[in-house]
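> My questions concern the predicted model and sequence given below.
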Amino acid sequence: MPGHNRNDDEDDWDEEEDFGPGDQPTTVDCQKCGCEMYDDAERCPLCGEYQVRDRLGLAWEGRPWWWKAGGLLGILAVLFGMLIFCF
């Protein structure tokens, strides 16, 4: 592209990203070729295969039992309130 300098894009690139102690990116293996890739990547950088993950259980994953119980009680309270309001 005329007038486009490739170095302009590279100036915005931060090669040494600062991650906090809990902010290290997590990796998973590609479902097709097994290549190690970032957890939030949509496609494998090696084979290009789209990654399909079950994201339904991610909200509950790794939470303590009391957090899950509180969430379930909250959902039940909303449903109960809706039933009382309708009848």
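Perfect, thanks for sending it. Numbers count the residues shown, from 1 in each chain.

> Going by C-alpha atoms from here, please, whenever you check contacts or count neighbours.
Will do.

> Excluding chain neighbours, what is closest to D29?
E36 (4.6 Å; Cα to Cα, 6 or more residues apart in numbering).

> and if you look at Y38?
Once flanking residues are discounted, Y38 sits nearest to T27: 4.3 Å by Cα to Cα, 6+ apart.

> so where is this structure shaky, pLDDT-wise?
1-23, 54-60 (pLDDT under 70).

> cutoff 80 now
1-25, 53-62, 87 (pLDDT under 80).

> And the strands in it, which stretches?
For the chain, applying DSSP state E gives strands covering 27-29, 36-38.

> Highest mean neighbour count out of those?
Per-stretch averages of neighbours, counted by mean count of other Cα atoms under 10 Å, single out strand 36-38 among these, with a mean of 16.

> Starting from it, tell me which strands it pairs with and how they run.
Counting by DSSP bridges, the strands paired with strand 36-38 are strand 27-29 (antiparallel).

> ok, residues contacting the strand it pairs with?
Strand 27-29 is contacted from outside by C35, E36, M37, Y38, D39, using Cα atoms under 8 Å, 6 or more residues apart in numbering.

> repeat for stretch 32-42
By Cα under 8 Å, 6+ apart, stretch 32-42 touches 25-30, 44-47, 49-52.

> can you pick the most crowded of the residues you listed?
For the contacts of stretch 32-42, counting by other Cα atoms under 10 Å, the largest number of neighbours falls to C30: 23 neighbours.

> Can you pull the phi/psi pair for it?
Backbone torsions of C30, given as degrees, to the nearest 10, read phi -60, psi 140.

> Could I get the contacting residues of it?
By Cα under 8 Å, 6+ apart, the neighbours of C30 are E36, M37, C44, Q51.

> Distance of it relative to F87?
51 Å (Cα to Cα, to the nearest Å).

> picking that back up, can I get the strands of the chain in TSV including distance to G70?
Below are those laid out as TSV (distance: least, Cα to Cα, whole Å):
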stretch	distance to G70
strand 27-29	30
strand 36-38	31
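
> do you know which of those lies nearest F80?
For F80, the closest of those is strand 27-29, at 40.3 Å, according to Cα to Cα.

> Using CSV, write out every CA atom in the lengthiest helix in the chain.
Looking across the chain with DSSP state H, the single longest helix is helix 65-86. Provided in CSV are the C-alpha atoms of helix 65-86 (Å, rounded to 0.1, in the frame of the first residue of the first chain):
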residue,chain,number,x,y,z
TRP,A,65,-19.5,-24.2,47.2
TRP,A,66,-21.0,-21.3,49.1
TRP,A,67,-20.7,-19.1,45.9
LYS,A,68,-22.6,-21.7,43.9
ALA,A,69,-25.2,-22.1,46.6
GLY,A,70,-25.7,-18.3,46.8
GLY,A,71,-26.1,-18.1,43.1
LEU,A,72,-28.6,-21.0,43.0
LEU,A,73,-30.6,-19.4,45.9
GLY,A,74,-30.6,-16.1,44.1
ILE,A,75,-32.0,-17.7,40.9
LEU,A,76,-34.7,-19.5,42.9
ALA,A,77,-35.6,-16.2,44.7
VAL,A,78,-36.1,-14.4,41.4
LEU,A,79,-38.2,-17.3,40.1
PHE,A,80,-40.3,-17.4,43.3
GLY,A,81,-40.8,-13.6,43.1
MET,A,82,-42.0,-13.9,39.5
LEU,A,83,-44.5,-16.6,40.4
ILE,A,84,-45.9,-14.6,43.3
PHE,A,85,-46.1,-11.4,41.1
CYS,A,86,-48.0,-13.3,38.4
